[in-house]
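Enquirer: need a structure here:
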Amino acid sequence: MANAGDRAELGAVTSHRPPFKFSALARVWFSDTDAQGIVYYGRYLPYFDHARTEYHRHLSNAPFSQAGGDLVMRALQVEYHAPARFDDLIEAFVRVSRIGTTSMTYQCAAYLLPDQVLMVTAELTVVLVDLADRRPVPIPDAIREAVKAFEGDDLAT
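Expert: Purely as a prediction, here's the structure:
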């Protein structure tokens, strides 16, 4: 049994699908599928949320959860390329492609393993919002610096 201080690695740094540098695995559960036996289109968003959460956890020196607010969804664009089915293993890639004054844009891609078939791509933008007044606030420098250090020259500002 792991110690309470141990953190399970549910995502990992990767170099096999540039410009992505981070991915997380997801298994398609029966409850993820529709009456046709394929993954219901809305279920890819939790796979990407899982990858984003693990990405944030990897950048643990960046205070995503203590940023003076919460990241809220502003925009989402998804394209579906191929269907996944029950028990398929999916690798969900995530990267921050842009940091604005109050927002961050992520790119995501899901691939079927082991065949490496592209299933879904997505771009989503979140805004840092102050919880008290529900207004956008600037992304803290600590987050900006941590993401820049990880993403390097692939990050737009």
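
Enquirer: From now on I want contacts and neighbour counts done on CA atoms only, so please keep to that.
Expert: Fine.

Enquirer: This structure: helices as residue ranges?
Expert: In the chain, the helices defined using DSSP state H lie at 44-58, 141-151.

Enquirer: which residues does Leu112 form a beta bridge with?
Expert: Using DSSP bridges, the beta-bridge partners of Leu112 come out as Ile90, Val117.

Enquirer: on that earlier part again, among the helices of the chain, which is the most enclosed?
Expert: helix 44-58 (a mean of 20; mean count of other CA atoms under 10 Å).

Enquirer: tell me the angle it makes with helix 141-151.
Expert: With axes from the mean of the first three to the mean of the last three CA atoms, to 10 degrees applied, the angle from helix 44-58 to helix 141-151 works out at 100 degrees.

Enquirer: next one: helix 44-58 to chain centre, how far?
Expert: With CA atoms, centre = their mean, to the nearest Å as the basis, helix 44-58 stands 4 Å off its chain's centre.

Enquirer: Pull the number of nearby residues for Thr157.
Expert: Residues within reach of Thr157, counting by other CA atoms under 10 Å, total 11.

Enquirer: Spit out the contact partners of it.
Expert: Arg98, Ile99, Gly100 (CA atoms under 8 Å, 6 or more residues apart in numbering).

Enquirer: Once you drop chain neighbours, what's closest to the last one?
Expert: Excluding its sequence neighbours, the residue lying closest to Gly100 (CA to CA, 6 or more residues apart in numbering) is Thr157, at 5.7 Å.

Enquirer: on that earlier part again, by neighbours, which of the contacts of Thr157 wins?
Expert: Ile99 (21 neighbours).

Enquirer: how close does the residue nearest the centre of the chain get to Phe30?
Expert: Nearest to the geometric centre of the chain sits Arg52, at 2.5 Å (CA atoms, centre = their mean). Distance of Arg52 to Phe30, given as CA to CA, to the nearest Å: 23 Å.
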